[in-house]
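**Student:** here's a sequence, model it:
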Amino acid sequence: MATLSPACPRRLLPLSLGLFQAALLLFFTLFVTYDEPSAQANLVANQLCGIFPLFQDIQVMLVVGLGLLLAFLPRYGLSALTHNFLLLNFSTQWALVLQGLLHHFHHGQVHLDLRNLLTAEFAAVTVLISAGAVLGRTSPCQLLVMAACEVPIYLASEWIIITHLGVLDVGGTITIHVFSCYFGLGVSKALFGATRQPVNPKETPTPPSDLLSLVGTLILWVFWPSFVSVLCQPGDAQHRAILNTFLAMSTSALTTVVASSLLERDGKLSPSHLQNGSLAGGVAIGVVADMAVPPVAALALGSLSAMMCVLGFKFLTPFLTRKLTLQDQCGIHNLHGLPGILGAVASAVAILAAGGHWGDRGAGRQAQCQAAGLVVAMGGSLLAGLLAGAALRLPCLAQPPPRLSFDDSLYFKIQDQAGSPGLGGTAEEGALALKEQV
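**Tutor:** Residues are numbered from 1 along each chain as shown. As a prediction, the model looks like this:
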């Protein structure tokens, strides 16, 4: 069997992205247009005044906040930020194409507006979260294939959960956070198999990388109410969503400090606990944010979710790694999975406690739908992730070997790489590693 040039997998990324952009241009030329300026002037004005400021907040969250949150690996910060940015744009455009194809099939010409863009970006969020499970151990080509698989599965899952089952989930707790968590864990399990990955010294954060990651946490914390409330009905529902989200995240930040300090023998705080536990309340509250729950419920949910997140990092992650050889690089199960499950359960309890009718259903029926949505999100995403992870093992996708994982020098021109082969590896080592993969 002939050995491929090490440049082949490197050329796969620009070639595939170039072809994708060309196909996107053709699709937009044939099928996508804007509404006539005079047709819906009031609607457009309302969107600009009501949605666009929140949309900008979400952009800051995803591009800056999440990118910095992922920069806790000291020699992988450039890759984490860049790959996050790449996946956001690729996944959003891919979701627009899929939504447009479905709309064209049913209604003809596709009219693009700000709400379409928002829903496409929510699909991209699932990819960004899932990628955290395999951060640093995958190539850009593998991440793009993962995104190409996940976006259509998310859109189908979201339709089943929201439209078919009628689940109430305005902040994406079930449809986004739970789905993306278990999809990412499925990819990780299928990609790395039953072999426990050796600990790489480049996995250990340093004070500067932890500081960058904590800055990302603070940015996400500030703008999270916009993410939860952007698709709420303007008025009371949106007002409640903002208030409930702030209360949940405020108490999760305080509870994280308490739990982290108590779990450490010397009483010191763990940066990873602060970076993740402070956001857990925002994950859990999304499913009940617009419901008429009392303020104390938001506070309790934020506190419980933070405790679950911190305990997950301390006990559950080592257990899953040891017993199931499950690799979860960013701890997405602790930040998105556990608080997401808690939020889904809380939504069923809140609906039962409120009683009355929820649309055409009684409280009991709606609570059952909430539970069914959680099962669909967990089971469907885990199975799909396992299948997608198996596809990522194709040799042409050039998965980096363990000794060159978590290192920017494999994909970027690093000024000091020639002087630090022991830490980053030289360009020749990177080429040799890619050659070994194919």
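
**Student:** what about Asp266, which SS state?
**Tutor:** coil (DSSP: H, G, I helix; E, B strand; the rest coil).

**Student:** how close does it sit to Ser260?
**Tutor:** Per CB to CB, to the nearest Å, Asp266 is found 12 Å from Ser260. Every C-beta, even on glycine, is put in place using the N, C-alpha and C of the backbone.

**Student:** these two: who's more crowded?
**Tutor:** Ranked by neighbour count (other CB atoms under 10 Å), Asp266 and Ser260 place Ser260 first, with 23 against 5.

**Student:** ramachandran angles for the residue nearest to that one when sequence neighbours are not counted?
**Tutor:** Spatial nearest neighbour of Ser260, excluding adjacent residues (CB to CB, 6 or more residues apart in numbering): His273 at 3.9 Å. The phi/psi pair for His273 (degrees, to the nearest 10) reads phi -70, psi -50.

**Student:** and His273, what does it touch?
**Tutor:** By CB atoms under 8 Å, 6 or more residues apart in numbering, the residues touching His273 are Thr256, Ala259, Ser260, Cys309, Val310, Phe313.

**Student:** can you check His177 too?
**Tutor:** Neighbours of His177 in contact, by CB under 8 Å, 6+ apart: Ile129, Val283, Gly286, His336, Gly337, Pro339, Gly340, Gly343.

**Student:** quick one: low-confidence parts of this protein?
**Tutor:** Counting by pLDDT under 70, the ranges of the chain that qualify are 1-9, 35-41, 43-44, 104-106, 416-438.

**Student:** pick out the residue nearest the middle of it.
**Tutor:** Residue closest to the average C-alpha location in the chain (CA atoms, centre = their mean): Ile129, at 2.0 Å.

**Student:** assumed it was part of a helix.
**Tutor:** Yes. Under three-state DSSP, Ile129 sits within a helix.

**Student:** quick one: the residue nearest to Ser260 from Ala284, how far?
**Tutor:** In terms of CB to CB, His273 sits 16 Å off from Ala284.

**Student:** again, but for Phe122
**Tutor:** Computed with CB to CB, the distance linking Phe122 and Ala284 is 18 Å.

**Student:** for Ile161, same thing?
**Tutor:** As judged by CB to CB, Ile161 and Ala284 stand 17 Å apart.

**Student:** mind jotting down where the strands sit in the protein?
**Tutor:** For the chain, applying DSSP state E gives strands covering 32-33, 110-111, 357-358, 361-362.

**Student:** follow-up on the earlier one: between Ile161 and Ala284, which is the more surrounded one?
**Tutor:** Ala284 (35 against 25).

**Student:** which ones are touching that one?
**Tutor:** Contacts of Ala284 (CB under 8 Å, 6+ apart): Thr173, Ala248, Leu301, Gly302, Leu304, Ser305, Pro339, Gly340, Leu342, Gly343, Ala346.

**Student:** measure Ala280 to Leu274 for me?
**Tutor:** With distances taken as CB to CB, Ala280 is found 11 Å from Leu274.

**Student:** overlap in contacts, the two.
**Tutor:** By CB under 8 Å, 6+ apart, Ala280 and Leu274 have these common neighbours: Thr256.

**Student:** neighbour count winner among the two?
**Tutor:** Between Ala280 and Leu274, Ala280 has the larger neighbour count (other CB under 10 Å), namely 34 against 20.

**Student:** am I right that that one is in contact with Pro339?
**Tutor:** Yes. At 4.4 Å, Ala280 and Pro339 qualify as touching, with contact defined as CB atoms under 8 Å.

**Student:** overlap in contacts, the two.
**Tutor:** Contact with both Ala280 and Pro339 is made by residues Ser305, Met308, Cys309, according to CB under 8 Å, 6+ apart.

**Student:** tell me which residues of the longest helix belonging to the chain come out buried.
**Tutor:** For the chain, the longest helix by residue count, based on DSSP state H, is helix 77-107. The neighbour-count check on helix 77-107 (16 or more other CB atoms under 10 Å) flags 77, 79-81, 83-88, 90-100, 103 as buried.

**Student:** swap in stretch 155-169?
**Tutor:** Using 16+ other CB under 10 Å as the test for burial, stretch 155-169 gives Leu155, Ser157, Glu158, Ile160, Ile161, Ile162, Leu165, Gly166, Val167, Leu168, Asp169.

**Student:** list the contacts for the residue nearest to the centre of the chain?
**Tutor:** Contacts for Ile129 were tallied using CB under 8 Å, 6+ apart; they are Ile176, His177, Ser180, Cys181, Gly184, Ile332, His336.

**Student:** do that again at 10 Å, thanks
**Tutor:** 66, 150, 176-177, 179-181, 183-184, 283, 330, 332, 335-337 (CB atoms under 10 Å, 6 or more residues apart in numbering).

**Student:** and of the residues you listed, the nearest to Leu13?
**Tutor:** Taking CB to CB as the measure, Leu13 lies nearest Glu150 of these, at 18.1 Å.

**Student:** what's the separation between that closest one and Leu144?
**Tutor:** 11 Å.

**Student:** run a quick neighbour tally on Ile242.
**Tutor:** Using other CB under 10 Å, Ile242 is surrounded by 17 other residues.
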